[in-house]
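J.: Here's a sequence, model it:
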Amino acid sequence: LMGTLAFPLSSTGFVVGHAGLYQALAMFAVAYFIIGMTVLSVCAIATNGALDAGGAYYMISRALGPEFGGSIGIMFFLANVCGSALYVLGLVEAVVDSFGIPPGQKEGTGVHVLPQSYWYELLYGTVLLALCLLVCLVGASIYAKATFLIFLIVAGVLGTILISFFATRPLRVPIRLPHYNGSETDNGSFTGFSLSTLRDNLGGGYAVDYTTGQMMSFSSVFAVMFNGCTGIMAGSNMSGDLKRPSYSIPRGTISAVLFTYLVYNLLAFLMCATCNRILLQKDYGFLRDISIFPPLVTVGIYAATLSAAMSNLIGASRILYALARDDLFGEALALAKKTSASGNPVMAVILSWLVVQVVLFSGKLNTIAGVVTTFFLLVYATVNLACLALEWASAPNFRPTFRYFTWHTCLLGIAGCCVMMFLISPVAASASLGFLLLLLLALHYLSPSSTWGYISQALIFHQVRKYLLMLDVRKDHVKFWRPQMLLMVQNPRGSARLIDFVNDLKKSGLYVLGHVELQDLDMLPSDPLQPQQDSWLNLVDKLNVKAFVSLTLAPSVRHGVRQLLFTSGLGGMRPNTLVLGFYDDEAPQDVLARHPAFTSTREEVPLGFPPLRAPTTPKLLSAREYVGIVADALKMLRNVLLARQLESLDKAWELRRAASPPPTIHVWPVNLLRPDSARYADTCSLFLLQMACVLNMARAWRRARLRLFLCVEAGTMPHAQEEKLRQLLKDLRIQAQIQLVPWDAITRLHWQTCRGPPGGPAEEEEEEEGIVNFPTNTTQVSDEYVCAANKLVLEQSPAPAVRFLYLPRPPADTSLYPLYLHQLELLTRGLGPTVLVHGVSAVTSTQL
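T.: Below you'll find the model as predicted:
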């Protein structure tokens with residue numbers, strides 16, 4: 001209240017004289033609309049929990065996080081610093097106006113004994129600021145007592161002024177014009193209540209400000225006027241010194257707003273009805289001349305202005321202390337943490353005083369009014385934004401006891417602040433926003449993480465939930481299909497490059513890292529997965545992969561994978577593809593320590609993961625169980641990828657080697673374990689093509705070239721097959737080089753172990769049992785044939801960065817699972833990084 005009452009005693013005549021009654025009332029309405037919306041937001045946040053030192057900074061930082069809080073905290077500190085300097089300069093002007101030696105005279109007469117010049121006025125401001133410093137150094141208690149005393153004085157002054165408008169007779173007031181271009185004196189008139197005087201003062205009449213020599217306008221007058229309204233935040237700035245801030249801030253702030261708004265409007269009307277424009281424009285201290293007791297008005301103006309300066313100074317110190325205590329700027333503000341024995345942040349007060357002293361060098365009041373107003377408007381907009389974010393997040397713990405607000409009031413407050421900020425000074429507004437953006441970026445990258453809670457997480461959750469509900473799986477279309485991967489990881493130490501590779505395969509789809517812990521919760525005192533969660537999340541951050549983590553407990557790996565396939569994801573975002581590492585007898589190697597994410601930054605490998613299994617230690621799952629996982633996934637209509645030797649893939653080297661020739665991706669869309677069904681357009685082959693194309697579309701793999709191998713036999717018109725395949729690739733918009741591979745010698749080995757050539761009784765029997773399952777095919781393929789097929793794949797040069805091969809469906813007879821896995825091992829032996837692919841869903845489209 002005291003910070004706001006300084007204005008009507010000193011500058012209401014300035015506003016009314018230049019803007020007229022109509023525009024002055026409009027200015028008050030706009031200013032108090034913005035302030036009113038902000039006060040509602042302040043009251044809501046202040047009554048939602050315990051408040052500490054820092055006022056608006058504390059509210060914003062705990063609502064919007066350290067980046068916004070620290071940035072706005074600095075700007076609010078600067079706003080209070082400049083506001084304190086503004087009031088000190090205003091008080092100096094009032095003192096010099098009353099006691100200064102008139103221009104052109106070497107010696108003063110009577111009470112006019114103070115010399116006038118830039119340096120003398122700077123000296124007077126320094127002395128007055130030192131007085132504010134002494135009061136603030138003593139502490140908040142003496143400040144509160146001094147403020148209450150000043151309130152009594154100002155209340156008496158206001159009463160005297162109101163009486164004077166009715167009791168004083170009409171008179172002419174001589175005016176000294178120190179910066180006026182005309183004569184040295186002029187006469188203003190106090191006419192008493194006059195209808196003609198009121199009519200003359202209704203419209204605007206902007207003229208040159210006699211204190212600065214600058215032409216006034218709506219925006220410049222509003223900037224000065226709005227500074228007089230910023231004192232309403234003084235109470236919230238003292239939140240750390242109040243016994244019951246959640247009780248005192250709403251009541252005190254709302255009372256101050258209503259009281260001062262009534263005082264402004266009443267004084268504006270009385271001045272326009274009784275004083276001519278010359279008096280209002282050219283003597284901002286005319287209230288002394290018309291008062292029934294002039295000395296009391298002078299004392300009231302000085303006391304209110306001094307109180308406002310102290311209010312801004314002590315508010316700035318509390319904000320600086322809160323910033324220092326939160327360690328957002330590290331050692332830069334360490335000095336401001338020091339307090340006295342009573343808890344008064346004396347070093348923050350001294351540092352704030354030094355900054356205010358620097359601002360005093362700027363000179364005249366109106367010079368910094370625009371900057372201060374812009375800073376305060378930006379802070380008010382952010383307070384409204386904080387309340388709006390809390391309201392929109394719909395968090396159950398946002399339960400303010402003050403309920404007279406909605407998201408509409410917050411939004412109106414933000415819009416009002418932003419509009420007025422640019423109307424007052426587009427340059428200052430743009431510079432302030434640029435400065436805020438720089439602070440945001442600096443704090444985002446440099447500030448330590450906080451435990452305050454991030455409103456962004458609550459808002460993201462709210463929006464994600466809403467959009468997940470809108471994601472209707474019944475509206476899925478093959479045109480918009482994307483891979484959604486579930487990668488099973490036993491130990492990240494041996495799977496770092498596989499995790500990285502699958503991240504390239506996901507194509508902006510869902511990516512889940514799954515892990516099964518073989519334990520029984522009934523035999524455990526607590527959930528063993530919770531302590532592991534942070535290690536996995538830290539791993540995701542370090543590897544810079546866009547993945548979720550899903551951990552589960554199960555009696556076996558197979559049951560755990562089933563659980564994750566059934567439960568991973570949410571709504572329309574569920575894994576449609578299962579990725580497994582290959583089951584072989586190779587000893588696992590710890591490649592995590594050699595991953596670029598750790599070698600480039602010299603960071604230690606996360607210690608939350610156990611060491612890898614020793615070669616002599618039994619595996620956690622058998623070959624039969626591993627193939628059973630593949631079979632389970634296919635039954636659940638999930639695509640399956642088996643990745644072998646992906647840990648030997650040095651992606652950085654492969655993709656940075658000489659541009660000619662570029663690295664290649666070999667694609668074999670034919671089922672090499674079933675040469676009697678060599679088709680290139682079935683669902684599985686098209687899925688394999690799609691996955692190779694998706695990898696090639698990833699940014700890190702765009703230099704690579706797809707090479708598609710077409711296995712042909714003599715007498716089958718290979719060129720016709722090639723042209724048909726080329727047309728298919730064209731329809732699918734896949735750019736790939738087609739290479740014909742004769743494999744008569746390979747298929748001859750196959751038919752030697754079968755009961756007859758294609759089309760014979762054996763094939764007819766399999767057709768009856770179902771082409772997809774071909775249960776007897778595993779027993780018909782010999783190791784000799786599989787080794788020959790492996791050699792055929794291996795002979796194709798140059799060696800690729802990675803190979804994609806067709807993964808046959810597991811046999812229906814579970815007793816053949818070990819043989820099936822043995823054939824896959826022979827087929828991929830020595831091939832380097834290889835991905836076996838089996839697709840069960842249509843994923844390609846030729847539609848627009």
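J.: where do the strands sit along the stretch 401-550 of the chain?
T.: Taking DSSP state E, counting those that start in this stretch to define them, one finds strands in the stretch 401-550 of the chain at 485-488, 511-518, 548-554.
J.: try the chain
T.: Per DSSP state E, the chain carries strands over the ranges 171-176, 185-190, 485-488, 511-518, 548-554, 577-581, 639-644, 664-668, 705-712, 737-742, 802-806, 834-838.
J.: Parallel or antiparallel, list what pairs with the fifth one.
T.: In the sheet, strand 548-554 lines up against strand 511-518 (parallel) (DSSP bridges).
J.: Between strand 577-581 and the strand it pairs with, find me the angle.
T.: Going by axes from the mean of the first three to the mean of the last three C-alpha atoms, to 10 degrees, strand 511-518 is angled at 60 degrees with respect to strand 577-581.
J.: which other residues reach strand 511-518?
T.: 484-490, 499, 502-503, 528-529, 532, 536, 540, 545-557, 560-561, 564, 568-569, 575, 620 (C-beta atoms under 8 Å, 6 or more residues apart in numbering). C-beta here means a position set from N, CA and C on the backbone, and glycine is covered the same way.
J.: Those, buried ones only, as a ChimeraX selection?
T.: Buried residues within these, by 16 or more other C-beta atoms under 10 Å, are selected in ChimeraX with:
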select :484,485,486,487,488,489,490,499,502,503,529,532,536,540,545,547,548,549,550,551,552,553,554,556,557,560,561,564,568,569,575
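J.: Mind pulling up the pLDDT for residue 622?
T.: Note for residue 622: predicted pLDDT of 90.
J.: likewise residue 647?
T.: With respect to pLDDT, residue 647 scores 84.
J.: wait, which of the strands of the stretch 401-550 of the chain is closest to residue 409?
T.: With C-beta to C-beta as the measure, strand 548-554 is the member of the strands of the stretch 401-550 of the chain nearest residue 409 (37.4 Å).
J.: Would you mind writing the CA trace of that closest one as CSV?
T.: Extracted C-alpha coordinates of strand 548-554, given in CSV (Å, rounded to 0.1, in the frame of the first residue of the first chain):
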residue,chain,number,x,y,z
PHE,A,548,11.1,-45.7,-22.5
VAL,A,549,12.1,-48.3,-19.9
SER,A,550,9.9,-51.2,-18.8
LEU,A,551,11.1,-53.6,-16.1
THR,A,552,9.3,-56.7,-14.9
LEU,A,553,9.6,-59.6,-12.4
ALA,A,554,8.9,-63.1,-13.7
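J.: Pretty sure residue 187 sits against residue 171.
T.: No: judged on C-beta atoms under 8 Å, residue 187 makes no contact with residue 171 at a distance of 10.1 Å.
J.: Just to check, residue 439 is in contact with residue 69?
T.: No: using C-beta under 8 Å as the test, residue 439 is too far from residue 69 to be in contact (10.5 Å).
J.: Neighbour count: those two, which is higher?
T.: More neighbours surround residue 69 than the other of residue 439 and residue 69, with 30 against 20 (other C-beta atoms under 10 Å).
J.: contacts for stretch 436-446?
T.: Outside stretch 436-446, the residues within contact range by C-beta under 8 Å, 6+ apart are 66, 67, 68, 70, 71, 72, 74, 75, 328, 330, 378.
J.: low-confidence ranges in the stretch 351-500 of the chain?
T.: Applying pLDDT under 70 to the stretch 351-500 of the chain flags the ranges 363-370, 448-451, 453.
J.: Which stretches in it count as helices?
T.: With helices called from DSSP state H, counting those that start in this stretch, the stretch 351-500 of the chain shows them at 365-393, 407-424, 426-446, 455-470, 496-505.
J.: Setting aside sequence neighbours, what's the nearest residue to the spatially most central residue of the chain?
T.: In the chain, the residue lying closest to the centroid (C-alpha atoms, centre = their mean) is residue 456, at 6.0 Å. Spatial nearest neighbour of residue 456, excluding adjacent residues (C-beta to C-beta, 6 or more residues apart in numbering): residue 65 at 6.4 Å.
J.: what's the spacing between that neighbour and residue 328?
T.: 11 Å (C-beta to C-beta, to the nearest Å).
J.: check contacts around residue 565.
T.: Neighbour list for residue 565: 486, 575, 578, 632, 633, 636, 638 [criterion: C-beta under 8 Å, 6+ apart].
J.: Return the set of residues that bridge with the third one.
T.: Right, the one you point to is residue 578. residue 486, residue 640.
J.: circling back: make sure the residue nearest to residue 456 is actually in contact with residue 447.
T.: No: taking contacts as C-beta under 8 Å, residue 65 lies outside contact range of residue 447: 9.6 Å.
J.: These two - which one has more neighbours?
T.: residue 65 (23 against 18).
J.: roughly how far apart are the more buried one and residue 78?
T.: Counting by C-beta to C-beta - residue 65 and residue 78 are separated by 20 Å.
J.: before we move on, what about residue 13?
T.: In terms of C-beta to C-beta, residue 13 sits 29 Å off from residue 78.
J.: between the two, which one's more packed in?
T.: Shown here are residue 13 and residue 78; by other C-beta under 10 Å, residue 13 has more neighbours (24 against 20).
J.: give the contact list for the more buried one.
T.: 271, 275, 279, 280, 283, 284, 286, 287.
J.: Give the PyMOL command for selecting the buried subset of those residues.
T.: Selection of buried members from the contacts of residue 13 for PyMOL, criterion 16+ other C-beta under 10 Å:
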select buried, resi 271+275+279+280+283+284+286+287
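J.: Looking at the contacts of residue 13, which is nearest residue 584?
T.: Distance to residue 584 across the contacts of residue 13 (C-beta to C-beta) is lowest for residue 284, with 89.9 Å.
J.: what's the burial count for the nearest residue to that closest one once chain neighbours are set aside?
T.: Once flanking residues are discounted, residue 284 sits nearest to residue 14: 5.2 Å by C-beta to C-beta, 6+ apart. Residues lying near residue 14 (other C-beta under 10 Å) number 22.
J.: Tell me, what's the model's pLDDT at residue 14?
T.: 85.
J.: who touches it in this structure?
T.: Residue 14 neighbours (C-beta under 8 Å, 6+ apart): 209, 221, 224, 280, 281, 284.
J.: For residue 663, see how far away residue 147 is.
T.: For residue 147, the distance to residue 663 (C-beta to C-beta) stands at 75 Å.
J.: Could you do residue 372 as well?
T.: 61 Å.
J.: Break the protein into its domains for me.
T.: The chain breaks down into these domains under the TED database: 5-446, 475-753+778-838.
J.: These: lowest mean pLDDT?
T.: Among the domains of the chain, domain 5-446 scores lowest, at a mean of 81.
J.: roughly how far is that domain from the heart of the chain?
T.: Centre-to-centre, domain 5-446 and its host chain are 31 Å apart (C-alpha atoms, centre = their mean, to the nearest Å).
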